[in-house]
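1. Quick one: sequence and predicted model below, then my questions.
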Amino acid sequence: SLAVEFPEYSIFARLFLTAYVFLLRLPSEALPMIVGGGAGQAQAQSVISMDWEKGQLVLELRRRKNKQCGSRLVRTCWCKECPNTCPVHVLGKLVSVTVPGAALFAGITAASAIDALRRMLTALKVKQSQLYRTHDLRRGHALDLQRSGAPLWEILDAGEWSSPAFLKYLDLHRLDAELVVQAHV
């Protein structure tokens, strides 16, 4: 909504949405992203494409910090939950109008992204906005999944976590209570 009012934030809002949707590490996974179908795709770290027939936004990562091989992450429409952040209808449009092989977030650096994030949060009057980092987008989606009632396996799958390191992203007291209830059911 802020990006609609201030168009200079538009590309940053889409970058942050991409990192949030796919639970990405912004500097190493989101910033080098290119649109699929063009030259250099085989060597690219991150390749995003839209499959309109299946209604899927697909991200292929050549490598990830916690995995030896790459990843293929698929996101579908979530317009029923929040049409303003739907991966297919918001990010899919961006992918569709970008030249295949082109960088989706050309010209943005990790430093300019964190600066924009903090300026946007300040404009939204978020307390302690200068303490936020781009990694908080990843943490935020994990927490949102937990708060929406997603089972633990779904949270683990969304972030491709295989170690207990993801636990620092969640509300452990709530997780403990939910696991006890799941065990009883």
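-> The structure has been received and is ready for your questions.
2. Which residue comes closest to Phe105 once chain neighbours are left out?
-> Nearest residue to Phe105, sequence neighbours excluded (Cβ to Cβ, 6 or more residues apart in numbering): Leu15, at 5.1 Å. Using the backbone N, CA and C atoms, a C-beta is placed for each residue, glycine as well.
3. For the chain, just list every one of the strands.
-> Using DSSP state E, the strands of the chain run over 33-35, 46-51, 56-61, 71-76.
4. In CSV: these, plus mean pLDDT, distance to Cys82 and mean neighbour count.
-> Compiled in CSV, those are given as follows (pLDDT from 0 to 100; distance: least, Cβ to Cβ, whole Å; neighbours: other Cβ atoms under 10 Å):
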stretch, mean pLDDT, distance to Cys82, mean neighbour count
strand 33-35, 96, 22, 24
strand 46-51, 95, 19, 21
strand 56-61, 94, 15, 21
strand 71-76, 92, 13, 15
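5. got a list of what the closest residue to Leu17 other than its chain neighbours touches?
-> Counting by Cβ to Cβ, 6+ apart, Leu17 lies nearest to Thr85, which is 5.9 Å off, once chain neighbours are set aside. Contacts for Thr85 (Cβ atoms under 8 Å, 6 or more residues apart in numbering) come out as Leu17, Tyr20, Val21, Trp78.
6. Can you report how many residues lie near the first one?
-> What that stands for is Leu17. 20 (other Cβ atoms under 10 Å).
7. related to what we said a few turns ago, using a markdown table, lay out the strands of the chain together with distance to Arg133.
-> Output for these, formatted as a markdown table (distance: least, Cβ to Cβ, whole Å):
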| stretch | distance to Arg133 |
| --- | --- |
| strand 33-35 | 19 |
| strand 46-51 | 20 |
| strand 56-61 | 21 |
| strand 71-76 | 22 |
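8. Correct me if wrong: Lys65 contacts Leu24.
-> No. Counting by Cβ atoms under 8 Å, Leu24 is not a contact partner of Lys65; they are 10.7 Å apart.
9. between those two, which one's more packed in?
-> Between Lys65 and Leu24, Leu24 has the larger neighbour count (other Cβ under 10 Å), namely 26 against 9.
10. what pLDDT does the more buried one get?
-> Leu24 is assigned 89 on the pLDDT scale.
11. pLDDT weak spots in the chain?
-> Residues of the chain that meet the criterion pLDDT under 70 lie in 66-67, 159, 161-185.
12. could you show me where the helices are in it, in order?
-> For the chain, the helices defined by DSSP state H cover 2-5, 10-22, 92-96, 110-123, 135-147, 152-159, 172-184.
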